[in-house]
Structures are given as C-alpha cells and as structure tokens.
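Chemist: whatever this is, show me its structure:
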Amino acid sequence: MPGPNNRPIAGNSTTVVNETTIQNILNQEIFNNTGYTSITDIIQNLEANGGEIIELGDIGFTEDTTVYDFINASGDTWQLEENTMYFFTAQSGDYSHLYYWQGDTPLTIGAGGTPVTVDDFEILLISDNSKPEIPDNSLPKGLAGQAYYIKQGNEVEPDYTLKRGIVTETEAEFTEATTQEISLAEVFNQWQFFSHSGSKNAALASPPNYPGLDPGGFGGTPLTQDIIDQKKAWGYDPVNDRIFLTQNFGVYSGFVSPKSYTNYILEASLSSTSSDDDYLGLVMAFQKDPVTGYEYTISVIRVLNELSGQGNITYALYYNFFQNGNQSQTHGLSQQISIIDGTDLAPIIEGQGNGWVGNHCKLRVERVGDVFSVKTSQFGSYDLDDATLLTIDLNDTPELERFKTGGQVGFSALSQANAFFSDVYFTGFNEYILDLRNGYDAPRIFSFDFENNLWAEDPNLTYNDIWGINRFVDDYLFGRVYYLGADKPIKLPGGSGAVVAGPSEIIEVRSKDQIINQDLDETKVYRLMKSIEINGTTERIRIDNLKKLAGLGHNDTTISVTGNNGIGFVSSGNGRNIDLENLQIAATGTGAKAFDVTDVDGTHEMRLLSVNFSGCKSLGDLRGYRQYYWNDIGLYGCQDGATFHGTSNGAYINGLNLFSFAATGTLFKEGDNLEFTNRFFSALNLDVPTGAKLLDFAPDVFQGNELMQFNGCIAKVNGVLDPENSKTLVPNISANDTVSKWTGNTGLHNSSIERFIEDTGVAGNFEISWLVDTYYLEMTADTTFTERDLPAPGKNTKEILIYLTGDFAPTFPAGWTVNQVGTYKGADVNEIRIKNIKTGIYFTQISNSLSIYPAPFIESIEPSGVTPNTTQDFIVKGSFFTPEGFGGIVGQTRTSSNFKNQGEYRFTADIGANEGDFDLFMNNGTETKKINAVSVVLGDVFQPLDVTDWTVLTGDFEFAQGKASVVDQLNVYKEANWNQVIDFTKNFRIDLAFTDSDNPHSLGQKDYIYMVRTSDDVRQFGFEMDYNSGYGLLRHTPNNSAITTGISDFRSYWLNDGTRRYILRIEWIDDIMTVKKVRENGTQDGPTGTITPPYGFDENMYIQVSLKYGAALLKYVEFTN
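Modeler: Here you go, the predicted structure:
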C-alpha cells in the first residue's frame, strides 16, 4: 500500500467534493463534532493553516471501515503531515473516503507508531463506487491518471483533476500574461536545451537516452555532455541577434520554450554559411513524459541534401524527428513518423547548389487549439509563399493527441554547422485567462482574438466551460493553485513554486533619502508612499538594482526633478530592467529630463505601467534596451519626448495620451545608431499644435517590413482630425512605406484606407494619391495627372477608382497607359480603374459609352495557316464586333480592314518571314485575344530531337536530347546518319549550323554534309567546307565533281561572328538546288551556289554528317507544293 508521500492520482471516484454532498455528511450525528457547516469553511481552514491535498489510491474500504481502523490494522507505518487533506480511493473496494487530518504537527501512526482515533480526522466525503450513476460498461474511455466527473444531464466524462492555466489578480499580472514576446538572447540563455539521437546503437539512441549524445562523432562532430554543460553546442551572436549550431553535430538538437502553448505564432529566418545541405527547422510542439522521461516532438524541417543524393525531401512535418532508429519494437510510440511531405510545394531550385549557402528561407507556424498551419518561403527567399501551406489537426493522428494539452515551441537543427536562426517573431498565448481583478466573486474569462491581435473578455464563457467545476488549476505563470468551486474560485496554499511578494519584501518609501544616490536592494519592491522632490544634479535615482518602484497613483505620488539640467533616473554602468508603476514624474527644471539610462548588455526591458509625465522638459535618453513596454502612459504639458539609441528588439507603447505638447517637441526621437529588429507598436491619443512631431525615425531604423506600426491612433492637430497631417507628424515615413503598418487610425493615414475626394475644377495639373480609394473629378481644361504615395515594394496590390468627366484631354502617367483597356470619352462620366500590380506595373480599364458592348467573342479566323513573306486576306467570325473596333494578328502588319457586321470582320495583313503560331486580337473598347490562332509555316517541319533519330557510323557522338544537335570531339572525324527520309517528290529545305565556339578548325581540315540514297546508301550530293581555303564546294559525290565553287569565306557561315550565327541552307525547289548563307532570322547574307539538272533527285534520300565539329539547328522542311 503506498504511503502519503507517493501521491498517486485518484482514478476511480464517481462522486467528487461538492458542498451539497459534504453538507449532507456533516449533518450526520457522528460528524456533528467537526464544527464545520460548509465546504468553504473547510477549504479556508486548510488554506489558513498552510495545508495541502494529497491523493492516495488502491485502498479498499467498506462503508463501516474507517481510515483509522484500517491504518491501525494494516501493519504499515504512516507519516501524516500537518493540516493535510487525504483522498483515499477504493479501487479494490466499494467506497472512497476524503479525510482531513487536523493535527498541527507531523505524526507517525500505524505499526510502531501512535494509534489514531476518530478525533484525529474529519471525514469530508464517502462515495459509494459500487452504485455508479450509469452502468460501468457505459463509462467513456479515459487516459492514465484521469478521474470521472459528472456533467449536466448526468453524463460522465474522464478528465484530469489538476488543470494547467493562467490566473491573474492584478493589473500588472494581466499585463504580463497578455504580453509574451521573446528575444534570441533569452532563447540561448534561458530556454531548455534538448538533443535527440537517431542512432541505431541502443546505448546512444533516444529514447531512452536524453539528452542524445554522439561521443564518437558517428554522425559528424562528436557531441559530449561536457560540450552541452559548457553551452558550446549552440551559440548566440549578439551583433546580428541570432542563435546558431556551432558544429556539424550528428544529433537533432536545439532549444524549446520554458512554457507550453496551445495558441501561438512563431516565425524565423533560417540560413547557414556552411555549404553543407542538412536539416534546419522549428519545433512546433514538445512534451516530456514525467514518468518515463521520454521526449516527444512535432517538427517542421527544411533540408537540401537531395542535392548530394542523400535524401528526397525538402519540406516536411515529422512526429519525433530523428528519434528511435530501429528501436520501434522496444519503445512503441517513440518512433519517428512522417506526418506530411510538402517537398513538391517548396522544391530545390534547379542549378542552385552549394548547400545552404544562398538557399536561406523563412518558416512560419501558427497553432490555434488543435490545428497547426505551416508555411515556408522558397529557397533563396524570405518571402512566405501561401502556396506552401500545410495543415494538421491533432485529432486526426492518434500519436499526436498527447499534444492537445499544449506543447513547448522552439528551434532545431541536425548536422548543419552555422545553422542560423534570426528575425524571430513570436506571440505565444494560452487559450484562456481566468481574470480575478474584479474579485473572486466576479471571475471573468479572457481569450485571445487572433484576427484582431488582442485579448478580449468573453462574456459567454465561465471557468466551468474551460476547466470544469471542482477541479484544481495550476497557475504556472504566477505559481499558485486554485480550487474551482461551484460558486467561485478559491486560492489554495502552496502552488507550483512562485513566490508572491510579502510585506517583508516591500520597502515603503516616505523620504527621498531612502532611494537617491545609492545602490538599491535588487530583491525588494520599493513603494512610494508620498511625493518626493529631487534636484536631479546631486540627487538622482539609480536604476542599476531597481527591481520595481511603484506609487499610490498619479495624484498621490510624484517624483519632481527641479534642478536646472537635472536628471531623475540614471544608470551607473550596470543598468538593467526598469520597472515603474502607478506614479507621476515631473522633470520641470530648465533643461531637466526624466531619464538618462543605458542597458548594460542589451538584454533588459524598460517597463512603464500607468506612469504620467507632467510638465517635463524632456523624457530623456534611452540606450540599447532590448525592449520597451509602456502601457497607460500620459504626457501632459511636456516640452519634448524620448530619444532612443542603439539596437532594440522592439517597443510596445499602448494607451499613450499626449496633450499640451510643445510645438517644437518630438515624442519619439531617433538617437545614435538606432535600430529596431522587431516591431515598434504605438496606440496613441493626442492633440498637438502645428509643428509638433510624433516620430522622426528614418525608414532604415527598421530592419524588416511592417515594423513601424501605428494602431488605433486618434491624432489631432490644433483640435482637427485630418489624415493629411501625417506628413508633418511623421515627416520621414509614410503609411505606404515598406516598413509601415498603420491600421485603424483616425487623423493619421492608414496603410490601406478607403477615402473619397471630389474636385469639380480640375485643370492644368492634378496629383493622384494612392492613399485615396475613390475620386470624382471634373476637368475644366486639359490636365496632366501625376501620382504620389505609391505602395512600397512588397505591399499588397492597390486599386484606385477615378470618375472623370470633361471634354478636355487628360494625360495620364506613362505607366498607366501601357496596359490600358478602353478610351477616354470627354462627354461621358468615365469610370477609370487603375490597379498597381507591383512597382512600375499597372493595369488600367476605362469604361464609358464606347464600352457598352461586351468584350468581343472570337469564333474563328480563315485562313488559320499561311506561309511566310506573303500578303493575306483574313475573315474573322464571332460576335460583338463594332464599326469603331479593330483587329489583327500580333506581330504582323495590318494594311486594311473592313467591318461587315457585328459577327464578321475582315482585314488584310503582310505576313513576315518568321515561322510560328501567332495570336489574333479584336478590340471594341475591350480587347480579346485568341491565342495561337494563326500558324505561319512553310510546310511540315522535321528535326532530330531524340537519340533514336540517329544511327552512328563511326566515332562516339553525343546527342543533345531535344535540341536538334550533335556534339563530337574536336578535330576527330565522326560520322552519323539522320534517319529522316528526304522525299524526292517534294520541294524541301535543309538547315544546318555548327555550334558556337571561339576555336575554329585548324587549317587543312574539312567537314561534310551528304544526301545519301536510301536504296543503296550511295552519296549523291555533298557540301564540303574547306578550312584551308575558306571556300565551300557543292559536289556531285558519285563522280566527285565540283558542281559549284567560289562560295567565299564559308568559314564564317559556320561560326558565330559575335553578333549572330549563320546557317547553311540547302533548298530543292522545282528541280533546282540552291546553297545559301542566311542569318538565324532567315535573311540571306552572302553568295549563292546552284545546281540544275541533270543532277536532280530521282529517289528518296537521307542526311549524313561527317564532322570534326558540333552541328546544331538541324531542320528538314517539306514545302507545301
């Protein structure tokens, strides 16, 4: 039988503690001596005396057997702790008992100890397990450690007694719970390191070995426990703010968060300076079994080792990646499982080798409850590709159900030295917060609204809906445990380890001498009990060891800095976290400022909560803090704002009010070497005079897109709301800059807004702003239109709608007219839609009475095939043709047109020399195309595109598949036959060119192309290229007689002269053979040689080449006779 300190979880009770049940028991005569009348009394007594609940199982009782009789008769020794509640479950008997041991000191009972009596215990509950509310075979299946609970309608569900969650009681706690971001320095210094080995060696494999080691370096560089202990497996680069795997370790390792999440977004950029091609990824969920110690993961992996032939994936989701090797029979569900293979969505780019060098990417994981959504960029880009979306639901795979309660998140790599992770964006929120700021009698449930990126109260939910009543909630964030009663929650003593500040940890400040010019106690919270005044020159407050300074309110506790050039808060070389709350600062002396502080190592936070600045000459200088968190801030009657210096992760400034500000002041000022690697978020309410500025940062301060965020601001200048004031309030950045994301603002521009502007007197010049959605304009004279505030590269596509009228000539920006449909008609109200697709690319559509017809419909064109270098009449059939409309063939010259009716249009066109398929277009105000409607061809075209088209006679030719070419060794004769038959009854053409080269043949060498009879394989005609003389000769091969000579400088026919390549062309037309030198576009360039009968064709032939060079562009065309 287990003793109390074993604390097993109850597993077989069908009735749980509730006030009604206990009240019925207390009314029994035997228990009337307890003195308790309700469960509330019992719980509060337990809390007041520092007690706890211990659950014990596998103890069999009957209804008449008492725990003290059982213990005394058991022969075991029990150590009972003072003020402890024991829950005995009857897994082998009929009854469960819940007892409260009310002794005030530990007591050893049972064998060898002191016997116990009825007076030593209070029985809180007896449950009859032999008579469940529903038959045993109807009980739903549960997990190990769960108990059964009765829901409404007498339904039974298995559930855990102890739940995990967040409970907040103060404004500071709620702020902390709803603001969870990370830095990579935190990841390296504070997150949990893990290492998993996929070794087939059971002595090294994970499981059961955690962390997984590779001391022999089987998978790469050896990894030992000493390397892990010295934190040398991974490193942190503070200059570039990134973590990295230091060596090519053959284990899957990384960091996971100390907290578990059921809702989060995690993004990171992945890269490496090593040309290796192995694994980088993100840990989507991580759990450790508290009993076995086994670790479980869901991971998304990017890998490039397909380049080296070692793998066939590039993008995939895995369960227990690189665990268990061949140990699946031993360790069951610990084995690696591929969940989704997304390789086809994010493949390796052909020809982009060299491993991870140049093949960086980005990953994004979003978890909402049980559903994960994953995206990546393509290799070589940091732009997420929506087409790469992979989605999994934990309910669809049994192995993944363990993660439904949440999971840690993190970063991981395997066998890839210098695997860098940077540009991290993380918001991790659990699904719900139980908020008790309004008291225990008024609990509220807050949930995170991912669509609007904020926490909001959900009035339709109670904690019963989330965790159930009569459960216990472990508030892991603040280290408390709560019992969720039927009427209200109750905080129990003990908890998960956090310490709440008690009276001995708070120093009440009633005199300035308690806090000025001294190193403060970093273990204490300083509470300002009254206002104080310091001169700021010889009297300053050092923040080096300041844990927190909190006041009693803005009106009751003010720190005044009155001296000329005085400073309120300073750092003296060891500046760390700044945490000020619920007070007012008034730096009113001439040249005075509130702060001049520097973060000692760039890892700390400046936190201001409910702080007012009154009459300050300046908020001062802030240098190098990792992040700034300001909430509920007021600036009233101040002259100037804060100057930010150095590199920061980001800032969150919410609910800042700015009034009576100086016309020369700037709220947020750029200082020395300022950089923000994450977002600068501001939600402001202000009314300032003309000349005042909100922010003067340059765009390059922000190290990524959409990091400068104004959200929900109300901005007035001299009491007037006008978005055009944005240019003076924020002079260096606009709402449509790449770095901007301005949303929900009034009196400030938004990055995507809808506005209507009307002007009935447009003349001369008019400027169109891309920050406006719709215009109505009346021209009174010819007008030239220009544009401003264009969307920055990478911003979403934007469309403007202009209603324009006036019988005058509009001149639009050149880019608008490149892709324009429709024509302006002055007598109409023209609807003009301009779409900015990307930088420099527009689509413009003009609609008016000229475009009353639907777009033209093209049914057919006759003829659909013509020969080059001809003039041809065409007939187009279809519908919605107009007299004002026109049509033609793309790339050809229309010489005349004739509108017959709305279903027939005729035109004549000059057809050029180029062969191919050409598009037909028709335009009636809207243009329609019929793709590849007209073919320009000489006849049937044949090319040797496959190796099977050739028969090799001598040598070792290489055939370029699909390119109509052959390659051979330079200056060594090779011969091959093209198996295509030349029809002697047809007119035909043969084209041939040598491949480009900077190295012509040596003198005295020759190349040949022959036409050979198919009947007896005898050569009939041949063209000889003589490199000694540079002349080409056309021969009648059987008698070796030269038919024609003097085709001069034929060497250049075969080579590229630096601007074009020449082609040897042999034509047989009406019994005359002609040899020409032509350019690639078909233009003749050079002399011509001809043969006439009696040297004609009398039977079919084929082509044979005898080369010391490479031949290309081989083509045989049978003309249409």
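
Chemist: all strands for the stretch 851-1000 of the chain, in order.
Modeler: 857-862, 865-866, 870-879, 886-889, 893-901, 904-911, 916-923, 927-936, 939-942, 950-954, 958-960, 965-967, 974-982, 988-994 (DSSP state E, counting those that start in this stretch).

Chemist: the fourth one: how far from the chain's middle?
Modeler: Put plainly, it is strand 886-889. Taking CA atoms, centre = their mean, to the nearest Å, one finds strand 886-889 lying 47 Å from the centre of the chain it belongs to.

Chemist: now do the last one
Modeler: In terms of CA atoms, centre = their mean, the centre of strand 988-994 is found 54 Å from the chain centre.

Chemist: what's the answer for the first one, then?
Modeler: Mean-position distance between strand 857-862 and its chain equals 47 Å (CA atoms, centre = their mean).

Chemist: show me the contact partners of that strand.
Modeler: 874-880, 920, 922, 928, 930, 933-934 (CB atoms under 8 Å, 6 or more residues apart in numbering). Every C-beta, even on glycine, is put in place using the N, C-alpha and C of the backbone.

Chemist: which pair of these spans the longest distance?
Modeler: Phe880 and Val934 (20.6 Å; CB to CB).

Chemist: more neighbours: which of the two?
Modeler: Counted by other CB atoms under 10 Å, Phe880 and Val934 do not tie: Val934 has more neighbours, with 23 against 18.

Chemist: for the more buried one, what are its contacts?
Modeler: Applying CB under 8 Å, 6+ apart to Val934 gives the contacts 861, 864-866, 874, 889, 917-918, 920.

Chemist: one more time with 6 Å, if that's ok
Modeler: For Val934, the contact set (CB atoms under 6 Å, 6 or more residues apart in numbering) comprises 864, 889, 918.

Chemist: cool, Glu799 as well?
Modeler: Going by CB under 6 Å, 6+ apart, Glu799 touches Lys835.

Chemist: report the buried residues of the strand or helix carrying it.
Modeler: For Glu799, the enclosing helix or strand under DSSP states H and E is strand 798-805. For strand 798-805, a neighbour-count test (16 or more other CB atoms under 10 Å) marks 798, 800, 802, 804-805 as buried.

Chemist: then it to PDB, C-alphas only?
Modeler: This file holds the C-alpha atoms of strand 798-805, laid out as PDB (Å, rounded to 0.1, in the frame of the first residue of the first chain):
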ATOM      1  CA  LYS A 798      -3.800  48.500 -54.600                       C
ATOM      2  CA  GLU A 799      -6.600  49.800 -56.800                       C
ATOM      3  CA  ILE A 800      -7.800  53.400 -57.300                       C
ATOM      4  CA  LEU A 801     -11.200  54.200 -58.800                       C
ATOM      5  CA  ILE A 802     -11.500  57.600 -60.600                       C
ATOM      6  CA  TYR A 803     -14.700  59.000 -62.000                       C
ATOM      7  CA  LEU A 804     -13.500  61.600 -64.600                       C
ATOM      8  CA  THR A 805     -15.600  63.800 -66.900                       C
END
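
Chemist: continuing past that strand, what's the next helix or strand?
Modeler: Later in the chain than strand 798-805, the nearest helix or strand by DSSP H and E is strand 810-811.

Chemist: can you name every helix or strand that that following strand contacts?
Modeler: If you count contacts as 3 or more CB pairs under 6 Å, 6 or more residues apart in numbering; DSSP states H and E, strand 810-811 packs onto no helix or strand.

Chemist: partner strands of it and their direction?
Modeler: In the sheet, strand 810-811 lines up against strand 774-788 (parallel) (DSSP bridges).
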